[in-house]
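> Here is a sequence with its predicted model. Questions after.
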Amino acid sequence: MARAGVGRGHSGGRALTGQKLSPSAFFERFSDAFGQLMREVASRAIRAVREAVGEDKPFNELGALLDEFTDVQVADSTCQLLRRLAADWAPSTSEARPAAFKWHALVSLRDELPVADDVTSQRTQDTRALPEEALAPGTLTFMDLGCTDTGRYLDAIEAGAHFLVRLKAQHDPKVLRVHVGKGERVRARGMRLTDALLQGVLKEEGGVIDVDVRLEKHGRTACARVVAVEGPQGERRWYLTTVGREVLTAHEVAEAYRLRWRVELLFKALKSGVGMSALRATRPGAVLSLVYAKVIALVLSRLLELSLRQKAGEPDSQQATGRLALVLALARCAPLLLSHAMMSRGVTLEQLEERILLIAEVTARSLQQRRERERRKREASLGSGG
């Protein structure tokens with residue numbers, strides 16, 4: 001309903017408001033300041049969920065890791081195409097679809113909600129947009145290949161933060177010490193990892209390699225750990241991490257990295273569940289406003305889930321009902337502010353909500369009519385083909 005009311009509201013604007021509004025004029029009402037306000041509302045909503053969940057550890061897979069680290073996080077991003085008019089501020093990597101934005105998120109696996117996030121053009125590298133919270137002391141962050149930057153790894157080590165990432169093929173650190181692996185262990189010291197492997201100085205031991213390596217960049221150095229584990233198809237999977245062997249064995253490193261997939265559930269919920277994939281805005285303020293409207297909707301659904309658990313007698317959601325009321329109030333701030341902006345036009349909050357409902361109804365009817373036209377067209381083509 002919100003998607004229809006905001007994303008396609010301009011289509012029924014003339015009939016419902018008595019004003020002629022082009023799509024650009026409709027979305028122009030969403031200023032950059034309003035986008036930042038929606039971002040703050042989303043942040044408060046997320047905090048409300050965290051306070052409702054408390055110290056509960058919902059995922060058994062995280063149990064041991066949460067005992068070792070203050071938080072276990074995933075840094076990743078998801079892209080969404082925009083219309084061509086947005087190409088000036090949100091250029092994409094595609095010539096056919098020149099505009100797209102990227103939502104960067106650092107997600108806590110405690111509750112699968114963002115700790116920090118940002119909206120940039122699709123061309124922005126994940127490394128540049130990596131939130132500073134990923135370098136918080138005592139945390140463990142899983143990163144994808146888009147965040148592979150030795151300088152960032154050194155920043156994390158110096159800050160007392162930990163990371164786990166896939167090792168890129170072109171990343172070739174020097175071996176300091178071999179902990180698991182056959183071959184000439186002493187000779188392997190000081191060699192580039194690739195050279196040690198190609199020359200047979202370092203070989204797998206039971207399908208595993210586990211070595212200490214030196215990271216170097218612009219005169220800065222630090223020690224890290226490289227792990228290789230044989231995959232299900234016999235391929236070798238490489239990981240770079242600072243997690244000690246007393247915390248995770250080589251096989252456990254590979255298993256732990258699989259927890260990254262949980263962030264994809266969040267992205268899927270935002271795109272398919274609350275409609276981030278249906279944004280029609282092109283202005284930065286409008287895109288920002290709608291992105292965080294989707295985040296608020298997702299958080300609201302999470303609080304609804306917690307409230308249902310509370311009603312069922314589960315003890316982990318004692319504060320969920322109160323927090324749900326708080327987020328409902330926060331979520332209503334958006335139409336309230338829109339109504340305030342339209343007061344000069346004589347539009348009240350109640351009238352605005354009525355018009356949103358009407359827009360949703362008009363949009364639904366329009367979609368149904370479109371499906372009916374497409375059905376008739378298919379039937380006609382089948383008839384002519386016969």
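Nice, I can see it. Residues are numbered from 1 along each chain as shown.
> count of neighbours near the closest residue to Q199 other than its chain neighbours?
Spatial nearest neighbour of Q199, chain neighbours left out: M191 (7.9 Å); criterion: C-beta to C-beta, 6 or more residues apart in numbering. From N, CA and C alone the C-beta is placed, and that goes for glycine too. Residues contacting M191 under the criterion other C-beta atoms under 10 Å number 17.
> Ok, A254 next?
So A254, with other C-beta under 10 Å, has 20 neighbours.
> What strand or helix carries it?
If you go by DSSP states H and E, A254 is part of helix 250-257.
> Report the buried residues of that helix.
Residues of helix 250-257 classed as buried by neighbour count (16 or more other C-beta atoms under 10 Å): 250, 252-254, 256-257.
> quick one: the nearest residue to F101 once chain neighbours are set aside and K168, what's the gap?
Spatial nearest neighbour of F101, excluding adjacent residues (C-beta to C-beta, 6+ apart): A90 at 4.7 Å. A90 is 27 Å from K168, where distance means C-beta to C-beta, to the nearest Å.
> ok, the two, which is more surrounded?
Taking other C-beta under 10 Å, A90 and K168 do not tie; A90 has more neighbours (25 against 11).
> I'd say that one and R97 touch.
No: with contacts counted by C-beta atoms under 8 Å, A90 stays clear of R97, the gap being 11.0 Å.
> mind saving the C-alpha coords of stretch 130-150 as PDB?
Extracted C-alpha coordinates of stretch 130-150, given in PDB (Å, rounded to 0.1, in the frame of the first residue of the first chain):
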ATOM      1  CA  LEU A 130      32.800   0.400   4.200                       C
ATOM      2  CA  PRO A 131      31.400   1.900   7.400                       C
ATOM      3  CA  GLU A 132      33.700   2.800  10.100                       C
ATOM      4  CA  GLU A 133      31.700   0.600  12.500                       C
ATOM      5  CA  ALA A 134      33.300  -2.400  10.600                       C
ATOM      6  CA  LEU A 135      36.600  -1.300  12.300                       C
ATOM      7  CA  ALA A 136      35.100  -1.200  15.800                       C
ATOM      8  CA  PRO A 137      37.400  -2.900  18.400                       C
ATOM      9  CA  GLY A 138      36.400  -6.400  19.300                       C
ATOM     10  CA  THR A 139      34.000  -7.000  16.400                       C
ATOM     11  CA  LEU A 140      34.200  -9.700  13.700                       C
ATOM     12  CA  THR A 141      33.200  -8.600  10.200                       C
ATOM     13  CA  PHE A 142      32.600 -10.900   7.200                       C
ATOM     14  CA  MET A 143      33.300  -9.100   4.000                       C
ATOM     15  CA  ASP A 144      32.800 -10.100   0.300                       C
ATOM     16  CA  LEU A 145      35.300  -9.700  -2.400                       C
ATOM     17  CA  GLY A 146      34.200  -6.100  -3.100                       C
ATOM     18  CA  CYS A 147      35.800  -5.100   0.200                       C
ATOM     19  CA  THR A 148      39.300  -6.600  -0.500                       C
ATOM     20  CA  ASP A 149      41.700  -3.800   0.300                       C
ATOM     21  CA  THR A 150      45.000  -4.400   2.200                       C
END
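> Would you mind checking the average pLDDT for it?
Stretch 130-150 shows a mean pLDDT of 90.
> now do stretch 249-265
On average, stretch 249-265 scores 91.
> How far does that stretch sit from its chain's centre?
Mean C-alpha position of stretch 249-265 versus that of the full chain (C-alpha atoms, centre = their mean, to the nearest Å) differs by 16 Å.
> residues making contact with that stretch?
Under the contact criterion C-beta atoms under 8 Å, 6 or more residues apart in numbering, stretch 249-265 has outside partners 61-62, 65, 72, 74, 76, 105, 107, 109, 112, 142, 144, 164, 166, 180, 208-210, 227-229, 237, 239, 241, 243, 248.
> Please pick the buried ones from those residues.
62, 65, 72, 74, 76, 105, 107, 109, 112, 142, 144, 164, 166, 180, 208-210, 227-229, 239, 241, 243, 248.
> Please list the members of these that lie in helices.
Residues of the buried ones among the contacts of stretch 249-265 located in helices (DSSP state H): L65.
> Looking at the buried ones among the contacts of stretch 249-265, which are in strands?
Among the buried ones among the contacts of stretch 249-265, the members falling in strands are 72, 74, 76, 105, 107, 142, 164, 166, 180, 208-210, 227-229, 239, 241 (criterion: DSSP state E).
> ok, what's across the strand from the residue nearest the centre of the chain?
Compute the mean C-alpha point of the chain, and by C-alpha atoms, centre = their mean the closest residue is A105, 4.1 Å away. Under DSSP bridges, the beta-bridge partners of A105 are D76, D117.
> If we only consider the buried residues of helix 250-257, which is nearest to Q36?
Y257 (34.5 Å; C-beta to C-beta).
> Next, the contact list for G138, please.
69-71, 160-161.
> which residues of the stretch 251-386 of the chain score low on pLDDT?
308-344, 348-349, 352-353, 356, 360, 363-364, 367, 381-386 (pLDDT under 70).
> switch to 90 and redo it
For the stretch 251-386 of the chain, applying pLDDT under 90 flags the ranges 259-262, 264-266, 268-283, 285-286, 296-386.
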